[in-house]
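Enquirer: Kindly return the folded structure for what I paste below:
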Amino acid sequence: MYGEEAAREAIRISIKELKKERARNIDHRIVSGTPAKALLEVAGSDPSNLIVVGNRGLGAAEGEALGCSVPREVVKNAVCNVMVVQTGGDETLTPGRGG
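Expert: Below you'll find the model as predicted:
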């Protein structure tokens with residue numbers, strides 16, 4: 001599953017898990033663009049927003065080799081608070097179990 005279909009499925013699963021934890025007022029959108037640009041665009045210029053972004057912990061050298069670090073770019077350019085969550089690089093984590 002790729003593209004918009006994968007994004008919609010990831011959102012569906014995430015919202016289901018958040019509702020189990022009694023989260024409220026969940027705002028979700030699918031936007032095009034690079035991850036950093038999309039996060040910054042959605043957060044806009046409202047300083048009361050909070051951006052939560054994952055960090056796979058690749059390290060500076062490997063992150064640079066792969067291109068721009070999304071968490072670094074978001075932290076550098078956001079006008080609101082940013083929470084960087086360390087994911088440990090395990091792409092197969094199950095929602096509700098640390099991932």
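Enquirer: How about Gly33: what's its closest non-neighbour residue?
Expert: Glu41 (6.9 Å; C-beta to C-beta, 6 or more residues apart in numbering). From N, CA and C alone the C-beta is placed, and that goes for glycine too.
Enquirer: contacting residues around the helix or strand encompassing that neighbour?
Expert: Using DSSP states H and E, Glu41 falls within helix 35-43. Here helix 35-43 makes contact (C-beta atoms under 8 Å, 6 or more residues apart in numbering) with 29, 31-33, 49, 51, 53, 68, 70, 73-74, 77-80.
Enquirer: same question, stretch 70-78
Expert: So stretch 70-78 is in contact with 34-36, 39-40, 43, 51, 53-55, 63, 82, 84, going by C-beta under 8 Å, 6+ apart.
Enquirer: Ile51 contacts Val82, doesn't it?
Expert: Yes: between Ile51 and Val82 there is a contact at 4.7 Å, judged by C-beta atoms under 8 Å.
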